[in-house]
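Visitor: Quick check, what structure comes out for this input:
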Amino acid sequence: MDRKARSDLHQRRRGIQRRARTTEAVEFFNILTSPQLLETTEALLPEHRERLYPPTVTLSMFMRQTLEADGSCQKAVNGWAAQRAADGLSACSVRTGAYCKARQRLPLEMVTALTQQTGRELSAKALAPWKWRGRAVKLVDGTGLSMPDTPENQAVYPQPSTQAPGVGFPLARLVAVICLATGAALDAAIGPYSGKGSGELALVRRLLEGFGAGDVMLADALYCNYFLIAALLDKGVDVVFEQHGARITDFRRGQQLGTRDHIVCWPRPARPEWMTHEQYARVPEDIMLREAKVGHQVLVTTLLEPREVSKSDLSALYARRWNVELDLRNLKTTTGMEVLSCQTPQMNEKQMWVHLLAYNVIRLLMAQAACKAGVDPRGLSFKHTVQLWTEWTTRGLCAAKDNQRLFALIAQSKVGHRPGRIEPRMRKRRPKPYPWLKTPREQARRHVQRHGHACRPK
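Guide: Predicted structure coming up:
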């Protein structure tokens with residue numbers, strides 16, 4: 001064997017040993033083991049030296065941060081140092097600087113592609129009983145995200161105009177597309193919370209490439225928009241929306257299908273400011289839609305045939321729209337995405353995608369457990385799975401070896417079936433009686449140094 005061949009063999013062996021050593025330590029990255037995902041990861045990995053925090057280790061630690069109750073960088077670095085000691089590797093510094101720099105080097109494109117691909121693969125492998133009439137139903141909804149008050153964040157995501165300068169927080173708007181069958185996050189778009197072109201309709205138009213023929217978009221009344229429906233119809237996508245409150249529904253018009261159920265023609269409205277004349281000319285002059293009143297709601301859909309989809313079918317499907325509210329709650333509350341923690345908008349966007357990737361990892365575990373137990377993954381507890389998985393990896397257990405036991409434990413905890421549940425949107429526990437900060441913090445500090453703390457009546 002010549003010198004070059006020996007060198008190549010040595011390099012390959014070192015690469016295999018490095019991957020094996022990393023695999024033993026990084027359990028979060030292990031479950032993304034399909035050949036397609038590994039190919040995507042290898043294609044998007046940046047050129048890097050043999051550092052303490054290579055990209056796969058950094059991504060795994062970042063994902064774990066999003067699921068830990070203490071999501072600080074110090075906690076992540078301490079955990080990695082303990083893992084290295086348990087594996088018999090050399091000791092490392094517990095300072096966070098190297099890890100924070102490694103997070104900055106992590107390519108946003110890799111995290112985004114892994115999130116989208118995990119969502120697509122999980123949705124594509126959903127079992128037939130989990131789907132609605134064998135079709136892929138995609139939930140769409142928006143929410144708000146907060147982040148630290150830094151000049152960089154304020155420049156891209158300004159605080160609401162109702163808040164005084166220096167006392168508010170940058171606010172972003174997120175629109176997510178989520179699979180109804182599995183709960184996987186398929187795609188997302190982020191933008192400023194206010195300003196021109198920052199609404200949910202503007203963000204969802206950036207996500208239409210992820211919809212294909214045969215899909216069904218399920219969303220609330222905000223998305224009941226003529227131009228959005230026309231764009232989806234052009235792609236072969238059906239919609240089920242609640243009627244927008246600004247539109248008057250007259251069931252005396254149109255083709256009658258039943259009691260308060262008809263097909264009506266919607267004329268094309270005037271051209272909006274964001275649409276060019278060429279785009280407006282390509283929009284059809286009218287579209288045929290079905291309007292059906294169920295309970296106190298009027299539903300709008302492109303599913304026109306009542307023999308195939310009855311009013312009760314539409315009502316039952318729209319009732320499942322509430323799952324997207326629960327999914328966003330899991331993202332914001334359980335994984336802590338409601339308040340992002342980075343100092344720059346670029347890192348906050350990266351953190352958002354890491355949250356979505358970790359969320360999809362948990363959904364993957366839930367889908368596998370549901371498949372083994374023969375139940376619907378929507379009936380399993382997301383928070384229970386997060387708690388079990390973090391405890392599982394903390395104790396050095398391997399999901400690849402003990403997956404049957406792990407899946408059995410995940411499937412044991414099921415969410416309660418409470419149809420028609422109504423709860424007041426109020427809090428019972430009173431907040432502590434601290435006054436609101438109405439001036440910038442530095443100004444408030446100087447005032448306390450000069451005058452002392454204000455006396456409050458007991």
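
Visitor: Quick check, residue 306 in contact with residue 261.
Guide: Yes: applying C-beta atoms under 8 Å as the test, residue 306 and residue 261 come out as touching, 6.7 Å apart. No exception for glycine: its C-beta is placed from N, CA and C like everyone else's.

Visitor: Those two: which is more packed in?
Guide: Between residue 306 and residue 261, counting by other C-beta atoms under 10 Å, residue 261 is the more crowded of the two (20 against 16).

Visitor: my guess is the more buried one meets residue 312, correct?
Guide: No: contact criterion C-beta under 8 Å: residue 261 and residue 312 do not qualify, at 10.9 Å.

Visitor: So, low pLDDT: which residues of this protein?
Guide: Scanning the chain for pLDDT under 70 picks out the ranges 1-43, 45-50, 398-402, 456-458.

Visitor: Any buried residues in the longest helix seen in it, and which?
Guide: Identified as the longest helix of the chain according to DSSP state H is helix 345-373. Within helix 345-373, the residues scored as buried using 16 or more other C-beta atoms under 10 Å are 345, 347-371, 373.

Visitor: Likewise for stretch 158-173?
Guide: Of the residues in stretch 158-173, 158-159, 167-173 count as buried by neighbour count, 16+ other C-beta under 10 Å.

Visitor: Which two of these have the greatest separation?
Guide: Greatest spatial distance among those (C-beta to C-beta): 167 and 173, at 20.8 Å.

Visitor: circling back to that earlier point, output the buried residues of stretch 158-173 as JSON lines; include the columns secondary structure and distance to residue 231.
Guide: Listed next are the buried residues of stretch 158-173 as JSON lines, based on DSSP: H, G, I helix; E, B strand; the rest coil; distance: C-beta to C-beta, whole Å:
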{"residue": "158", "secondary structure": "coil", "distance to residue 231": "29"}
{"residue": "159", "secondary structure": "coil", "distance to residue 231": "32"}
{"residue": "167", "secondary structure": "coil", "distance to residue 231": "40"}
{"residue": "168", "secondary structure": "coil", "distance to residue 231": "35"}
{"residue": "169", "secondary structure": "coil", "distance to residue 231": "34"}
{"residue": "170", "secondary structure": "coil", "distance to residue 231": "31"}
{"residue": "171", "secondary structure": "strand", "distance to residue 231": "28"}
{"residue": "172", "secondary structure": "strand", "distance to residue 231": "24"}
{"residue": "173", "secondary structure": "strand", "distance to residue 231": "20"}
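
Visitor: Show me the residue sitting in the middle of the chain in space.
Guide: residue 356 (4.4 Å; C-alpha atoms, centre = their mean).

Visitor: ok, it - contacts?
Guide: 115, 176, 185, 188, 331 (C-beta atoms under 8 Å, 6 or more residues apart in numbering).
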